[in-house]
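Colleague: sharing a sequence plus its predicted fold:
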2 protein chains.
Amino acid sequence: MNTLSYGLLSLLAQSSFSGYDLMLRIQPFWPAKHSQIYPLLAKLEQDDYIRFELVSQRDKPDKKVYSLTGKGQEALKDWFDQPTAEPALRDEMMLKVFCMSYAKRESARKMLADRLTFHEEQRLKYESKLVELKGRADWPEAGLPEPSHPLFGAYLLTRKAIMSNETNTEWCRWVLSLLPESD
Amino acid sequence: MNTLSYGLLSLLAQSSFSGYDLMLRIQPFWPAKHSQIYPLLAKLEQDDYIRFELVSQRDKPDKKVYSLTGKGQEALKDWFDQPTAEPALRDEMMLKVFCMSYAKRESARKMLADRLTFHEEQRLKYESKLVELKGRADWPEAGLPEPSHPLFGAYLLTRKAIMSNETNTEWCRWVLSLLPESD
DNA sequence: TCGCGCATGTAATGTGTTACATGATTGT
DNA sequence: ACAATCATGTAACACATTACATGCGCGA
(Lines give C-alpha, C1' and ligand atoms only; values in the text may rest on other atoms or scores of the structure.)
Protein backbone atom coordinates (compact mmCIF):
# COMPACT_ATOMS: atom_id res chain seq x y z
CA MET A 1 0.00 0.00 0.00
CA ASN A 2 1.65 3.16 -1.23
CA THR A 3 0.42 6.76 -1.20
CA LEU A 4 -1.31 6.48 -4.57
CA SER A 5 -3.27 3.47 -3.30
CA TYR A 6 -4.51 5.42 -0.30
CA GLY A 7 -5.28 8.33 -2.58
CA LEU A 8 -7.56 6.15 -4.66
CA LEU A 9 -9.29 4.84 -1.54
CA SER A 10 -9.60 8.44 -0.39
CA LEU A 11 -11.51 9.41 -3.54
CA LEU A 12 -13.68 6.31 -3.25
CA ALA A 13 -14.64 7.33 0.28
CA GLN A 14 -16.63 10.18 -1.32
CA SER A 15 -18.43 8.15 -3.92
CA SER A 16 -17.99 5.33 -6.42
CA PHE A 17 -15.92 5.98 -9.52
CA SER A 18 -14.64 4.19 -12.60
CA GLY A 19 -10.90 3.76 -13.06
CA TYR A 20 -11.03 6.41 -15.74
CA ASP A 21 -12.77 8.86 -13.39
CA LEU A 22 -10.30 8.16 -10.60
CA MET A 23 -7.43 8.77 -12.99
CA LEU A 24 -8.81 12.19 -13.93
CA ARG A 25 -9.77 13.22 -10.41
CA ILE A 26 -6.51 12.33 -8.70
CA GLN A 27 -4.40 14.39 -11.13
CA PRO A 28 -4.44 17.69 -9.20
CA PHE A 29 -3.25 16.01 -6.00
CA TRP A 30 -1.12 13.14 -7.23
CA PRO A 31 -0.27 13.01 -10.95
CA ALA A 32 -0.64 9.46 -12.31
CA LYS A 33 -1.31 7.93 -15.73
CA HIS A 34 -3.99 5.35 -16.44
CA SER A 35 -1.26 2.75 -16.98
CA GLN A 36 -0.36 3.08 -13.32
CA ILE A 37 -3.92 3.31 -12.02
CA TYR A 38 -5.52 0.29 -13.69
CA PRO A 39 -3.06 -2.35 -12.41
CA LEU A 40 -3.20 -0.77 -8.93
CA LEU A 41 -6.99 -0.96 -8.89
CA ALA A 42 -6.80 -4.63 -9.89
CA LYS A 43 -4.41 -5.25 -7.00
CA LEU A 44 -6.55 -3.33 -4.50
CA GLU A 45 -9.56 -5.32 -5.66
CA GLN A 46 -7.68 -8.62 -5.27
CA ASP A 47 -6.62 -7.60 -1.77
CA ASP A 48 -10.23 -6.77 -0.92
CA TYR A 49 -9.82 -3.03 -0.29
CA ILE A 50 -12.25 -2.22 -3.07
CA ARG A 51 -14.81 -4.04 -5.24
CA PHE A 52 -16.25 -3.22 -8.64
CA GLU A 53 -19.49 -3.49 -10.51
CA LEU A 54 -19.58 -3.79 -14.31
CA VAL A 55 -21.73 -1.04 -15.77
CA SER A 56 -22.85 -1.17 -19.39
CA GLN A 57 -23.43 2.14 -21.09
CA ARG A 58 -25.10 3.07 -24.34
CA ASP A 59 -22.93 5.27 -26.56
CA LYS A 60 -19.89 4.68 -24.33
CA PRO A 61 -17.66 1.71 -23.51
CA ASP A 62 -18.56 -0.44 -20.52
CA LYS A 63 -16.86 0.48 -17.28
CA LYS A 64 -15.92 -0.90 -13.89
CA VAL A 65 -17.37 1.18 -11.09
CA TYR A 66 -15.29 0.78 -7.94
CA SER A 67 -16.38 1.28 -4.34
CA LEU A 68 -14.77 0.83 -0.91
CA THR A 69 -15.11 -2.40 1.07
CA GLY A 70 -15.12 -2.49 4.88
CA LYS A 71 -11.43 -3.37 4.80
CA GLY A 72 -10.83 -0.36 2.56
CA GLN A 73 -12.57 1.96 5.02
CA GLU A 74 -10.51 0.56 7.89
CA ALA A 75 -7.29 1.05 5.92
CA LEU A 76 -8.21 4.69 5.27
CA LYS A 77 -8.79 5.39 8.96
CA ASP A 78 -5.46 3.82 9.94
CA TRP A 79 -3.67 5.80 7.23
CA PHE A 80 -5.05 9.08 8.52
CA ASP A 81 -3.23 8.70 11.85
CA GLN A 82 0.11 7.82 10.24
CA PRO A 83 2.69 10.60 9.87
CA THR A 84 2.16 12.55 6.64
CA ALA A 85 5.00 12.90 4.13
CA GLU A 86 6.21 16.38 3.20
CA PRO A 87 5.01 17.75 -0.14
CA ALA A 88 7.27 17.11 -3.15
CA LEU A 89 7.28 19.70 -5.93
CA ARG A 90 9.18 19.08 -9.15
CA ASP A 91 9.27 22.06 -11.46
CA GLU A 92 11.59 22.28 -14.45
CA MET A 93 10.90 26.01 -14.68
CA MET A 94 12.47 26.64 -11.28
CA LEU A 95 15.66 24.94 -12.46
CA LYS A 96 15.69 27.11 -15.56
CA VAL A 97 15.13 30.25 -13.50
CA PHE A 98 18.22 29.37 -11.53
CA CYS A 99 20.47 29.99 -14.53
CA MET A 100 18.26 32.65 -16.10
CA SER A 101 20.98 35.30 -16.19
CA TYR A 102 22.72 33.16 -18.85
CA ALA A 103 19.66 32.84 -21.12
CA LYS A 104 18.30 35.07 -23.85
CA ARG A 105 15.88 37.70 -22.59
CA GLU A 106 13.12 36.63 -24.97
CA SER A 107 13.44 32.95 -24.02
CA ALA A 108 13.02 33.87 -20.38
CA ARG A 109 10.05 36.15 -21.05
CA LYS A 110 8.33 33.45 -23.10
CA MET A 111 8.81 30.83 -20.40
CA LEU A 112 7.37 33.14 -17.75
CA ALA A 113 4.49 34.25 -19.96
CA ASP A 114 3.57 30.61 -20.67
CA ARG A 115 3.62 29.80 -16.99
CA LEU A 116 1.53 32.88 -16.23
CA THR A 117 -1.11 31.69 -18.70
CA PHE A 118 -1.01 28.23 -17.16
CA HIS A 119 -1.70 29.54 -13.65
CA GLU A 120 -4.42 31.91 -14.83
CA GLU A 121 -6.19 29.04 -16.59
CA GLN A 122 -5.80 26.76 -13.58
CA ARG A 123 -7.24 29.45 -11.35
CA LEU A 124 -10.30 29.80 -13.59
CA LYS A 125 -10.71 26.03 -13.67
CA TYR A 126 -10.73 25.75 -9.88
CA GLU A 127 -12.99 28.74 -9.50
CA SER A 128 -15.65 27.09 -11.64
CA LYS A 129 -15.09 23.91 -9.65
CA LEU A 130 -15.86 25.90 -6.52
CA VAL A 131 -19.11 27.13 -8.05
CA GLU A 132 -19.97 23.56 -9.03
CA LEU A 133 -19.24 22.36 -5.47
CA LYS A 134 -21.46 25.05 -4.01
CA GLY A 135 -24.21 23.91 -6.34
CA ARG A 136 -23.90 20.24 -5.42
CA ALA A 137 -23.63 20.80 -1.69
CA ASP A 138 -26.23 22.30 0.61
CA TRP A 139 -24.24 24.43 2.98
CA PRO A 140 -25.44 27.79 4.31
CA GLU A 141 -25.35 30.75 1.94
CA ALA A 142 -22.48 32.23 4.00
CA GLY A 143 -20.29 29.84 2.00
CA LEU A 144 -18.80 27.94 4.93
CA PRO A 145 -19.37 24.18 4.87
CA GLU A 146 -19.46 22.02 8.00
CA PRO A 147 -16.38 19.85 8.67
CA SER A 148 -18.66 16.82 8.68
CA HIS A 149 -19.94 17.49 5.16
CA PRO A 150 -18.63 14.90 2.67
CA LEU A 151 -17.55 17.70 0.32
CA PHE A 152 -15.70 19.62 3.04
CA GLY A 153 -12.30 18.29 1.93
CA ALA A 154 -12.95 19.01 -1.73
CA TYR A 155 -13.93 22.57 -0.80
CA LEU A 156 -10.72 23.11 1.19
CA LEU A 157 -8.57 21.73 -1.62
CA THR A 158 -10.27 23.83 -4.25
CA ARG A 159 -9.66 26.95 -2.17
CA LYS A 160 -6.03 25.87 -1.75
CA ALA A 161 -5.59 25.43 -5.48
CA ILE A 162 -7.06 28.88 -6.14
CA MET A 163 -4.79 30.50 -3.55
CA SER A 164 -1.68 28.79 -4.91
CA ASN A 165 -2.47 29.73 -8.48
CA GLU A 166 -3.08 33.34 -7.47
CA THR A 167 0.27 33.49 -5.69
CA ASN A 168 2.07 31.92 -8.64
CA THR A 169 0.34 34.28 -11.06
CA GLU A 170 1.50 37.20 -8.95
CA TRP A 171 5.07 35.87 -8.93
CA CYS A 172 5.12 35.43 -12.72
CA ARG A 173 3.85 38.99 -13.25
CA TRP A 174 6.48 40.34 -10.86
CA VAL A 175 9.29 38.52 -12.64
CA LEU A 176 8.04 39.71 -16.04
CA SER A 177 8.02 43.27 -14.72
CA LEU A 178 11.72 42.83 -13.88
CA LEU A 179 12.41 41.60 -17.43
CA PRO A 180 11.45 44.45 -19.77
CA GLU A 181 11.23 43.56 -23.47
CA SER A 182 14.53 44.30 -25.16
CA ASP A 183 13.59 45.18 -28.76
CA MET B 1 19.79 13.94 -20.45
CA ASN B 2 16.79 14.24 -18.16
CA THR B 3 15.51 17.18 -16.13
CA LEU B 4 17.63 16.36 -13.10
CA SER B 5 20.75 16.37 -15.28
CA TYR B 6 19.94 19.84 -16.58
CA GLY B 7 19.17 20.92 -13.04
CA LEU B 8 22.65 19.94 -11.94
CA LEU B 9 24.19 21.79 -14.88
CA SER B 10 22.01 24.75 -13.97
CA LEU B 11 23.46 24.91 -10.46
CA LEU B 12 26.98 24.50 -11.82
CA ALA B 13 26.42 27.50 -14.09
CA GLN B 14 26.51 29.64 -10.93
CA SER B 15 29.61 28.18 -9.36
CA SER B 16 31.46 24.92 -8.78
CA PHE B 17 30.05 22.47 -6.25
CA SER B 18 30.74 19.05 -4.84
CA GLY B 19 28.23 16.26 -5.40
CA TYR B 20 27.18 16.58 -1.79
CA ASP B 21 26.60 20.34 -2.18
CA LEU B 22 24.62 19.82 -5.38
CA MET B 23 22.47 17.22 -3.64
CA LEU B 24 21.61 19.67 -0.86
CA ARG B 25 21.07 22.67 -3.11
CA ILE B 26 18.81 21.00 -5.65
CA GLN B 27 16.37 19.74 -2.98
CA PRO B 28 14.03 22.77 -2.95
CA PHE B 29 13.55 22.62 -6.71
CA TRP B 30 13.90 18.95 -7.55
CA PRO B 31 14.01 16.45 -4.65
CA ALA B 32 16.73 13.83 -5.22
CA LYS B 33 18.82 11.57 -2.97
CA HIS B 34 22.59 11.28 -3.13
CA SER B 35 22.22 7.76 -4.56
CA GLN B 36 20.64 9.28 -7.64
CA ILE B 37 22.98 12.26 -7.90
CA TYR B 38 26.38 10.54 -7.71
CA PRO B 39 25.89 8.10 -10.60
CA LEU B 40 24.37 10.90 -12.71
CA LEU B 41 27.39 13.13 -12.08
CA ALA B 42 29.68 10.29 -13.11
CA LYS B 43 27.68 9.90 -16.33
CA LEU B 44 27.67 13.65 -17.03
CA GLU B 45 31.42 13.71 -16.47
CA GLN B 46 31.95 10.76 -18.83
CA ASP B 47 29.85 12.50 -21.48
CA ASP B 48 31.95 15.65 -21.03
CA TYR B 49 29.21 17.99 -19.78
CA ILE B 50 31.09 18.56 -16.52
CA ARG B 51 34.58 17.91 -15.13
CA PHE B 52 35.82 17.57 -11.56
CA GLU B 53 38.82 18.42 -9.48
CA LEU B 54 39.76 16.36 -6.42
CA VAL B 55 40.00 18.61 -3.37
CA SER B 56 41.62 17.33 -0.17
CA GLN B 57 40.34 18.80 3.05
CA ARG B 58 41.65 18.71 6.61
CA ASP B 59 39.06 17.48 9.12
CA LYS B 60 36.68 16.49 6.32
CA PRO B 61 36.66 13.78 3.65
CA ASP B 62 38.11 14.58 0.25
CA LYS B 63 35.61 15.77 -2.33
CA LYS B 64 35.12 16.09 -6.06
CA VAL B 65 34.41 19.66 -7.07
CA TYR B 66 32.49 19.76 -10.33
CA SER B 67 32.33 22.55 -12.89
CA LEU B 68 30.75 23.05 -16.31
CA THR B 69 32.61 22.31 -19.54
CA GLY B 70 31.97 24.20 -22.78
CA LYS B 71 29.70 21.36 -23.91
CA GLY B 72 27.79 21.67 -20.62
CA GLN B 73 27.24 25.40 -21.19
CA GLU B 74 26.00 24.73 -24.71
CA ALA B 75 23.59 22.07 -23.46
CA LEU B 76 22.18 24.51 -20.90
CA LYS B 77 21.52 27.14 -23.54
CA ASP B 78 19.75 24.64 -25.81
CA TRP B 79 17.66 23.38 -22.90
CA PHE B 80 16.45 26.87 -22.07
CA ASP B 81 14.67 27.20 -25.43
CA GLN B 82 12.95 23.80 -25.16
CA PRO B 83 9.32 23.73 -23.93
CA THR B 84 9.14 23.61 -20.15
CA ALA B 85 7.22 20.81 -18.42
CA GLU B 86 4.34 21.73 -16.12
CA PRO B 87 5.03 21.60 -12.38
CA ALA B 88 4.24 18.31 -10.61
CA LEU B 89 3.17 18.48 -6.98
CA ARG B 90 2.73 15.31 -4.92
CA ASP B 91 1.30 15.90 -1.48
CA GLU B 92 -0.01 13.10 0.71
CA MET B 93 -1.72 15.69 2.92
CA MET B 94 -3.98 16.81 0.07
CA LEU B 95 -5.16 13.22 -0.40
CA LYS B 96 -5.89 12.97 3.32
CA VAL B 97 -7.79 16.26 3.28
CA PHE B 98 -10.00 14.82 0.58
CA CYS B 99 -11.52 12.30 3.01
CA MET B 100 -11.16 14.51 6.08
CA SER B 101 -14.83 14.40 6.98
CA TYR B 102 -14.35 10.70 7.80
CA ALA B 103 -11.37 11.23 10.13
CA LYS B 104 -11.14 12.06 13.82
CA ARG B 105 -11.13 15.77 14.53
CA GLU B 106 -7.92 15.60 16.54
CA SER B 107 -6.09 13.65 13.80
CA ALA B 108 -7.06 16.30 11.29
CA ARG B 109 -6.02 19.16 13.56
CA LYS B 110 -2.67 17.56 14.26
CA MET B 111 -1.95 17.02 10.57
CA LEU B 112 -2.78 20.64 9.78
CA ALA B 113 -0.81 21.97 12.75
CA ASP B 114 2.25 19.95 11.69
CA ARG B 115 1.99 21.28 8.17
CA LEU B 116 1.56 24.83 9.49
CA THR B 117 4.80 24.47 11.47
CA PHE B 118 6.54 23.08 8.40
CA HIS B 119 5.59 26.06 6.25
CA GLU B 120 6.46 28.59 8.96
CA GLU B 121 9.90 27.02 9.33
CA GLN B 122 10.41 26.92 5.58
CA ARG B 123 9.48 30.57 5.34
CA LEU B 124 12.03 31.52 7.99
CA LYS B 125 14.66 29.42 6.23
CA TYR B 126 14.11 31.18 2.92
CA GLU B 127 13.96 34.59 4.54
CA SER B 128 17.42 34.11 6.02
CA LYS B 129 18.55 32.83 2.63
CA LEU B 130 17.33 36.12 1.15
CA VAL B 131 19.38 38.08 3.69
CA GLU B 132 22.39 35.93 2.87
CA LEU B 133 21.89 36.54 -0.86
CA LYS B 134 21.68 40.30 -0.32
CA GLY B 135 24.94 40.08 1.61
CA ARG B 136 26.74 38.11 -1.10
CA ALA B 137 25.48 40.17 -4.00
CA ASP B 138 26.13 43.81 -4.68
CA TRP B 139 22.87 45.10 -6.03
CA PRO B 140 21.50 48.59 -5.25
CA GLU B 141 20.10 49.20 -1.77
CA ALA B 142 16.59 49.35 -3.31
CA GLY B 143 16.71 45.56 -3.21
CA LEU B 144 16.18 44.94 -6.90
CA PRO B 145 18.91 42.96 -8.66
CA GLU B 146 19.71 43.29 -12.35
CA PRO B 147 18.52 40.40 -14.59
CA SER B 148 22.13 39.95 -15.69
CA HIS B 149 23.37 39.38 -12.15
CA PRO B 150 24.41 35.74 -11.59
CA LEU B 151 22.31 35.60 -8.40
CA PHE B 152 19.20 37.02 -10.08
CA GLY B 153 17.60 33.56 -10.47
CA ALA B 154 18.38 32.55 -6.90
CA TYR B 155 16.77 35.78 -5.72
CA LEU B 156 13.59 35.15 -7.74
CA LEU B 157 13.31 31.58 -6.48
CA THR B 158 13.84 32.57 -2.88
CA ARG B 159 11.06 35.16 -3.18
CA LYS B 160 8.87 32.49 -4.79
CA ALA B 161 9.52 30.06 -1.94
CA ILE B 162 8.66 32.73 0.63
CA MET B 163 5.44 33.65 -1.17
CA SER B 164 4.35 30.00 -1.49
CA ASN B 165 5.07 29.26 2.15
CA GLU B 166 3.13 32.33 3.24
CA THR B 167 0.13 31.27 1.17
CA ASN B 168 0.27 27.73 2.51
CA THR B 169 0.63 29.00 6.07
CA GLU B 170 -2.44 31.14 5.54
CA TRP B 171 -4.38 28.16 4.18
CA CYS B 172 -3.42 25.95 7.14
CA ARG B 173 -4.51 28.62 9.63
CA TRP B 174 -7.81 29.04 7.80
CA VAL B 175 -8.53 25.31 7.84
CA LEU B 176 -7.63 25.09 11.53
CA SER B 177 -10.06 27.95 12.22
CA LEU B 178 -12.79 25.84 10.59
CA LEU B 179 -11.89 22.87 12.82
CA PRO B 180 -12.43 24.03 16.41
CA GLU B 181 -10.99 21.75 19.11
CA SER B 182 -13.67 19.34 20.29
CA ASP B 183 -12.81 18.67 23.95
C1' DT C 1 30.62 6.87 23.20
C1' DC C 2 26.96 7.98 20.47
C1' DG C 3 25.05 10.40 16.95
C1' DC C 4 25.51 13.90 13.34
C1' DG C 5 27.55 16.14 9.32
C1' DC C 6 30.61 15.58 5.57
C1' DA C 7 31.66 12.77 1.62
C1' DT C 8 31.24 9.09 -1.78
C1' DG C 9 29.54 5.13 -3.90
C1' DT C 10 26.55 0.49 -5.32
C1' DA C 11 22.50 -2.87 -5.33
C1' DA C 12 17.90 -3.99 -4.90
C1' DT C 13 13.47 -2.53 -5.09
C1' DG C 14 9.57 0.47 -5.94
C1' DT C 15 7.29 4.11 -8.58
C1' DG C 16 6.06 6.45 -12.77
C1' DT C 17 6.14 7.29 -18.01
C1' DT C 18 5.97 6.01 -22.76
C1' DA C 19 4.59 3.06 -26.06
C1' DC C 20 1.69 -0.63 -27.68
C1' DA C 21 -3.17 -2.28 -28.22
C1' DT C 22 -8.33 -1.90 -29.10
C1' DG C 23 -12.67 0.28 -30.26
C1' DA C 24 -17.17 2.99 -30.21
C1' DT C 25 -19.27 7.74 -30.42
C1' DT C 26 -19.39 12.72 -30.92
C1' DG C 27 -18.17 17.00 -32.67
C1' DT C 28 -15.37 19.86 -36.41
C1' DA D 1 -12.05 12.36 -42.70
C1' DC D 2 -9.94 13.54 -38.24
C1' DA D 3 -9.38 14.41 -33.64
C1' DA D 4 -11.14 14.05 -29.00
C1' DT D 5 -13.40 11.69 -25.19
C1' DC D 6 -14.58 7.52 -22.88
C1' DA D 7 -12.82 3.12 -21.40
C1' DT D 8 -9.57 -0.59 -20.30
C1' DG D 9 -5.44 -3.01 -20.23
C1' DT D 10 -0.05 -4.72 -20.80
C1' DA D 11 5.10 -4.30 -21.63
C1' DA D 12 9.27 -1.96 -21.72
C1' DC D 13 11.79 1.46 -19.95
C1' DA D 14 13.20 5.42 -17.10
C1' DC D 15 13.34 7.54 -12.75
C1' DA D 16 13.53 7.57 -7.65
C1' DT D 17 13.94 5.53 -2.89
C1' DT D 18 15.73 2.49 0.50
C1' DA D 19 19.18 -0.21 2.11
C1' DC D 20 23.92 -1.55 2.17
C1' DA D 21 28.76 0.05 2.66
C1' DT D 22 32.77 2.96 4.49
C1' DG D 23 35.16 6.33 7.35
C1' DC D 24 36.82 10.60 9.74
C1' DG D 25 36.10 14.51 13.05
C1' DC D 26 33.30 17.11 16.14
C1' DG D 27 30.26 18.18 19.86
C1' DA D 28 27.04 16.46 23.64
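Modeller: Cool, got the structure.

Colleague: so for the residue nearest the centre of chain A, what's the nearest residue that isn't a sequence neighbour?
Modeller: Taking C-alpha atoms, centre = their mean, the centroid of chain A lies closest to residue A:28, which sits 1.6 Å from it. Distances taken as C-beta to C-beta, 6 or more residues apart in numbering or on different chains put residue A:161 closest to residue A:28, at 6.5 Å, once the chain neighbours are dropped. Where you see a C-beta, it was placed from the backbone N, CA and C, and this is true even at glycine.

Colleague: got the phi and psi for the one you found?
Modeller: Note on residue A:161: backbone dihedrals following degrees, to the nearest 10 are phi -60, psi -40.

Colleague: chain A: strands as residue ranges?
Modeller: Assigned by DSSP state E, chain A shows strands spanning A:17-18, A:50-55, A:63-68, A:88-90.

Colleague: flag every buried residue along the third one.
Modeller: Taking 16 or more other C-beta atoms under 10 Å in any protein chain shown as the neighbour-count basis, strand A:63-68 is seen to contain the buried residues A:63, A:64, A:66, A:68.

Colleague: now what about stretch A:92-105, what contacts it?
Modeller: A:108, A:111, A:115, A:175, A:179, A:181-182, B:3, B:6-7, B:9-11, B:13-14, B:26, B:28-30, B:73, B:76-77, B:79-81, B:84-85, B:87, B:147-154, B:156-157, B:160 (C-beta atoms under 8 Å, 6 or more residues apart in numbering or on different chains).

Colleague: show me where pLDDT drops low in chain A?
Modeller: Counting by pLDDT under 70, chain A contains low-confidence residues at A:183.

Colleague: those helices in chain A, which residues are they?
Modeller: Shown for chain A, the helices assigned by DSSP state H span residues A:3-14, A:19-26, A:34-46, A:70-80, A:92-98, A:105-136, A:152-178.

Colleague: from the contacts of stretch A:92-105, which are also near DNA strand D?
Modeller: Residues of the contacts of stretch A:92-105 in contact with DNA strand D (C-beta under 7 Å from any atom of the strand): B:3, B:30.

Colleague: give the buried subset of the contacts of stretch A:92-105 as a ChimeraX selection command.
Modeller: To isolate in ChimeraX the members of those that are buried, counting by 16+ other C-beta under 10 Å, one can use:
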select /A:108,111,115,175,179 /B:3,6,7,9,10,11,13,14,26,28,29,30,73,76,79,80,84,87,147,150,151,152,153,154,156,157,160
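
Colleague: could you list the domains of chain A?
Modeller: A:3-80, A:92-178 (automatic domain parsing).

Colleague: distance between the longest one and the chain's centre?
Modeller: This points to domain A:92-178. 12 Å (C-alpha atoms, centre = their mean, to the nearest Å).

Colleague: now do the same end-to-end measure for it.
Modeller: One end of domain A:92-178 to the other measures 21 Å (C-alpha to C-alpha, to the nearest Å).

Colleague: same question, stretch A:56-63
Modeller: Criterion C-alpha to C-alpha; first-to-last residue distance in stretch A:56-63 is 7 Å.

Colleague: contacting residues around it?
Modeller: A:18, A:19, A:20, A:54, A:55.
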